[in-house]
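K.L.:
following is a predicted model, sequence given first.
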Amino acid sequence: MRSRRGGCQLLQPDLLTEDQINEWHQLRKDNVLIAKAWRSHFNDRQDFFLDEAVDKKEISIHKRDLILLMVRQ
């Protein structure tokens, strides 16, 4: 489906189930955390946003560890 501006819409709620929409939003949130971890790693800054996300129950400790492992390798 094309939008009025001629671009393609990535997320079409009328064609997706509620579970698919929730999964898409969760993946997007995870990708944002991964990008922030990469930026932090390559700028030699120690940010604690992943620990804060664990404390807020936004991600699990396991997911935090996986993101850190991926960034540090």
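P.N.:
Yep, it's here. Numbers count the residues shown, from 1 in each chain.
K.L.:
so where do the helices sit in this structure?
P.N.:
Listed in chain order, the helices of the chain (DSSP state H) span 18-42, 49-55, 61-72.
K.L.:
tell me which other helices or strands the second one touches.
P.N.:
Spelled out, that is helix 49-55. Counting contacts by 3 or more CB pairs under 8 Å, 6 or more residues apart in numbering; DSSP states H and E, helix 49-55 packs against helix 18-42, helix 61-72. All C-beta atoms are positioned from the backbone trio N, CA, C, and that covers glycine.
K.L.:
dump these to JSON lines, plus mean pLDDT.
P.N.:
Below are the helices and strands packed on helix 49-55 laid out as JSON lines (pLDDT from 0 to 100):
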{"stretch": "helix 18-42", "mean pLDDT": "91"}
{"stretch": "helix 61-72", "mean pLDDT": "93"}
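K.L.:
now render those helices as CSV, adding mean neighbour count and distance to E52.
P.N.:
Converted to CSV, the helices and strands packed on helix 49-55 look like this (neighbours: other CB atoms under 10 Å; distance: least, CB to CB, whole Å):
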stretch, mean neighbour count, distance to E52
helix 18-42, 12, 11
helix 61-72, 13, 10
